[in-house]
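Asker: after the sequence you'll find the predicted model.
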Amino acid sequence: MKIGIIFAMEEEINETLKYADVINEYEMFGIKFYEVLIDSKNCILGLCGVGKVNASRCTQIMIDNMNVDFIINVGVAGGLSNNLNVLDIVVGEKLVQHDFDITAFDHEKGFIPNCGVYLNSDDYLLNITKNILIENINIHEGVIASGDIFCTAIPMRDKIYAKFNAECVEMEGAAIGQVCSLCNVPFVVIRSISDSPNGNNEIDFDKFVELASKRCANILREFLK
């Protein structure tokens, strides 16, 4: 079995590399990849860069060239639900692109042709996350919303939450889910909350991104076990 794991930022991937045995490191089409062993599991780590297009490119490259059996996306996110605290974990049962809008053609917001509104994570992978128990870490399940904007405005936060009932917002997960769904590759998205859209969350993000990335790395390791 070979597991693909996609990260958007160096802070996120570096925390996982701390406990991975690196076998090979290379670039393909400008994206850095690491072949590693994590607790005897063969994994390919990809550093895709921020945003949906970067995430989609990395996902397709993995699927076409690296024979991965499934893909995990891990990283940080901004909390939308009042039930979330900074450093909580959200597992995406469903993913949605909150900025995809063809409502002019009588489709609902977020609807993507050939995909629908929501992209479902793989049931088997979701069941693994249900068995993860780590002291003092709260794990939530629900909708994760993705879009090509770092959401800071409270009105936008409230709009995304109200429309999609999304737990958190980030910039890659649903794009990874779309490519995986179209290619029939199982996937799951796991995010740690680094901030909340409150008009001041750039400061919160800078303060907590490393801690949130470390927490995601811990969850990922338990997942792989």
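Answerer: That came through, no problem.
Asker: give me the next element, helix or strand, following the host helix or strand of Tyr124.
Answerer: Here Tyr124, judged by DSSP states H and E, is contained in helix 123-130. The first helix or strand that comes after helix 123-130 along the chain, using DSSP H and E, is strand 139-146.
Asker: quick one: buried residues of that following strand?
Answerer: 140-146 (16 or more other Cβ atoms under 10 Å). The way it works is simple: take the backbone N, C-alpha and C, and place the C-beta from them, glycine included.
Asker: now the residues you listed in CSV, with pLDDT?
Answerer: Converted to CSV, the buried residues of strand 139-146 look like this (pLDDT from 0 to 100):
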residue, pLDDT
His140, 94
Glu141, 95
Gly142, 96
Val143, 98
Ile144, 98
Ala145, 98
Ser146, 98
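Asker: on that earlier part again, can you give the contact residues for the helix holding Tyr124?
Answerer: 70, 72, 91, 93, 139, 141, 186-188, 190, 223 (Cβ atoms under 8 Å, 6 or more residues apart in numbering).
Asker: swap the cut-off to 10 Å and go again
Answerer: 70-72, 89, 91-93, 120-122, 139, 141, 186-190, 219, 222-225 (Cβ atoms under 10 Å, 6 or more residues apart in numbering).
Asker: just the ones of these in strands?
Answerer: Taking DSSP state E, the ones among the contacts of helix 123-130 that sit in strands are 70-72, 89, 91-93, 120, 139, 141, 187-190.
Asker: can you pull out the strands in the protein?
Answerer: Using DSSP E, strands in the chain cover 2-7, 21-28, 31-38, 41-47, 70-79, 89-97, 119-120, 139-146, 166-170, 187-195.
Asker: ok, which of these comes nearest Gly110?
Answerer: strand 89-97 (4.8 Å; Cβ to Cβ).
Asker: what strands line up against that closest one, and which way round?
Answerer: strand 119-120 (antiparallel), strand 139-146 (parallel), strand 187-195 (antiparallel) (DSSP bridges).
Asker: nearest to Asp106 among the buried residues of strand 139-146?
Answerer: Nearest to Asp106 among these: Ala145, at 21.9 Å, using Cβ to Cβ.
Asker: who's in contact with the closest one?
Answerer: Neighbour list for Ala145: 77-78, 80, 92, 94-99, 110, 151, 160-161, 163-171, 173-174 [criterion: Cβ under 10 Å, 6+ apart].
Asker: identify the bridge partners of it.
Answerer: Those that pair with Ala145 in a beta bridge, by DSSP bridges, are Val96, Val169.
Asker: looking at this structure, which helix or strand does the model trust least?
Answerer: Every helix and strand in the chain was compared by mean pLDDT, DSSP states H and E; the lowest is helix 201-224, with a mean of 80.
Asker: kindly export that one (C-alpha atoms) in PDB.
Answerer: Taking only C-alpha atoms (Å, rounded to 0.1, in the frame of the first residue of the first chain), the coordinates of helix 201-224 have been written out as PDB:
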ATOM      1  CA  ASN A 201      -7.100  36.300  12.400                       C
ATOM      2  CA  GLU A 202      -3.900  37.000  10.500                       C
ATOM      3  CA  ILE A 203      -2.400  37.500  14.000                       C
ATOM      4  CA  ASP A 204      -4.000  34.300  15.400                       C
ATOM      5  CA  PHE A 205      -2.800  32.400  12.300                       C
ATOM      6  CA  ASP A 206       0.800  33.400  12.800                       C
ATOM      7  CA  LYS A 207       0.600  32.600  16.500                       C
ATOM      8  CA  PHE A 208      -0.900  29.100  16.200                       C
ATOM      9  CA  VAL A 209       0.000  27.800  12.700                       C
ATOM     10  CA  GLU A 210       3.000  25.800  14.100                       C
ATOM     11  CA  LEU A 211       1.100  24.400  17.000                       C
ATOM     12  CA  ALA A 212      -1.900  23.500  14.800                       C
ATOM     13  CA  SER A 213       0.500  21.800  12.300                       C
ATOM     14  CA  LYS A 214       2.100  19.800  15.100                       C
ATOM     15  CA  ARG A 215      -1.300  18.700  16.200                       C
ATOM     16  CA  CYS A 216      -2.200  17.600  12.700                       C
ATOM     17  CA  ALA A 217       1.000  15.700  12.500                       C
ATOM     18  CA  ASN A 218       0.100  13.800  15.700                       C
ATOM     19  CA  ILE A 219      -3.300  12.900  14.400                       C
ATOM     20  CA  LEU A 220      -1.900  11.800  11.100                       C
ATOM     21  CA  ARG A 221       0.600   9.500  12.800                       C
ATOM     22  CA  GLU A 222      -2.200   7.900  14.900                       C
ATOM     23  CA  PHE A 223      -4.300   7.500  11.700                       C
ATOM     24  CA  LEU A 224      -1.400   5.700  10.000                       C
END
